[in-house]
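Undergrad: Build me a model:
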Amino acid sequence: MRSSTSAGDRLCPVAEHAELGRQVGLLRAEVARLRLAERQARWAAAHDRLTGLLNRDGFHAAVAGLAGRDGVLDGALLVLDLDRFKPVNDLFGHAVGDAVLVAVARRLAGVDGLVVSARLGGDEFAGFVAGGKRRAAAAAAEVVERLARPVAVGNVLLQVGASVGVAKVTDVGGLGEGVVRADLAMLVAKRAATPIVWWHPDLALHRSRDALDVRPPPVTAKGGGPLAPTPRPSPEPSSIT
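TA: Okay, here's the model as predicted:
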């Protein structure tokens, strides 16, 4: 039986080797592209796109990963909510509000002892501090101090601040409940206009967010007075602090 490929149609050994190298190169490029896409998908599933911080799922996974083999997790959970953030969006627009959230994320990243930080959604953030109560108290105080500093967006100085709830956590199994407790403590702090509140059993009476009447004070400028509506500035990312 005759071959359908004539001798003249065959590639010379050098050409065959070059074609094989090209095909291998294409295959390697495709594998690299797929691996990159997979890494990007995993990152997106665990992170907040705006701030680059972990999201809620990523936060739980990261904190759980700090536990020992027996599930012991020695530390405290912080849940914080920005004060006077809604008026920022209402007065200056969402672009400025987003710039404030990015600035908050940057400041949280520099808090001593806050080994994991995340944006849970909206203007609510969370963190985990490994170790005892003293370290957690110091980290919570630093969070409040950092977020009380004015945020510069373009030609506007905004001062928001934060209310922080803290809850001790001792094992991975109690991580979800710990976040709930810290969240409730944060809401009590916001209602009482107290920067930091630690969870304690009495707060279990306030299991529902609706049970807490939270009325944050008006957004203020650096001077401390209420901000009057002004023309919306164009946020300049390079000037956000």
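Undergrad: For the lowest-mean-pLDDT helix or strand in the chain, which helices and strands make contact with it?
TA: For the chain, counting by mean pLDDT, DSSP states H and E, helix 13-46 ranks last in confidence among helices and strands (a mean of 81). Here helix 13-46 touches helix 56-64, going by 3 or more CB pairs under 8 Å, 6 or more residues apart in numbering; DSSP states H and E. Every C-beta, even on glycine, is put in place using the N, C-alpha and C of the backbone.
Undergrad: and the helix or strand that comes right after the helix it packs on, how far from the chain's centre?
TA: The first helix or strand that comes after helix 56-64 along the chain, using DSSP states H and E, is strand 72-82. Averaging C-alpha positions (CA atoms, centre = their mean, to the nearest Å) puts strand 72-82 13 Å from its chain's average.
Undergrad: Now do the helix or strand encompassing residue 118 against helix 13-46, angle only.
TA: Per DSSP H and E: residue 118 is located in strand 114-121. For strand 114-121 against helix 13-46, the angle by axes from the mean of the first three to the mean of the last three CA atoms, to 10 degrees is 80 degrees.
Undergrad: Name the residues of strand 114-121 that are buried.
TA: 114, 116-120 (16 or more other CB atoms under 10 Å).
Undergrad: try stretch 54-70
TA: Within stretch 54-70, the residues that count as buried by 16+ other CB under 10 Å are 54-56, 58-60, 62-63, 67.
Undergrad: sorry, back to before: pLDDT on the strand holding residue 118, on average?
TA: Strand 114-121 carries an average pLDDT of 96.
Undergrad: Check which residues of the least confident helix or strand of the chain are buried.
TA: Buried positions in helix 13-46, judged by neighbour count with 16+ other CB under 10 Å: residue 46.
Undergrad: what residue ranges in the protein score low on pLDDT?
TA: With pLDDT under 70 as the threshold, the chain has low-confidence stretches at 1-11, 43, 206-241.
Undergrad: still on that earlier bit, how far does the least confident helix or strand of the chain sit from the chain's center?
TA: Distance of helix 13-46 from the chain centroid (CA atoms, centre = their mean) equals 32 Å.
Undergrad: And for stretch 52-72?
TA: With CA atoms, centre = their mean, you get 13 Å for stretch 52-72.
Undergrad: so how far does it reach from one end to the other?
TA: End-to-end distance of stretch 52-72: 28 Å, with CA to CA, to the nearest Å as the criterion.
Undergrad: what's next to it, contact-wise?
TA: With CB atoms under 8 Å, 6 or more residues apart in numbering as the test, stretch 52-72 has contacts from 45-48, 73, 75, 77, 105, 108-109, 115-121, 125-126, 128, 130, 170-173, 175-176, 179.
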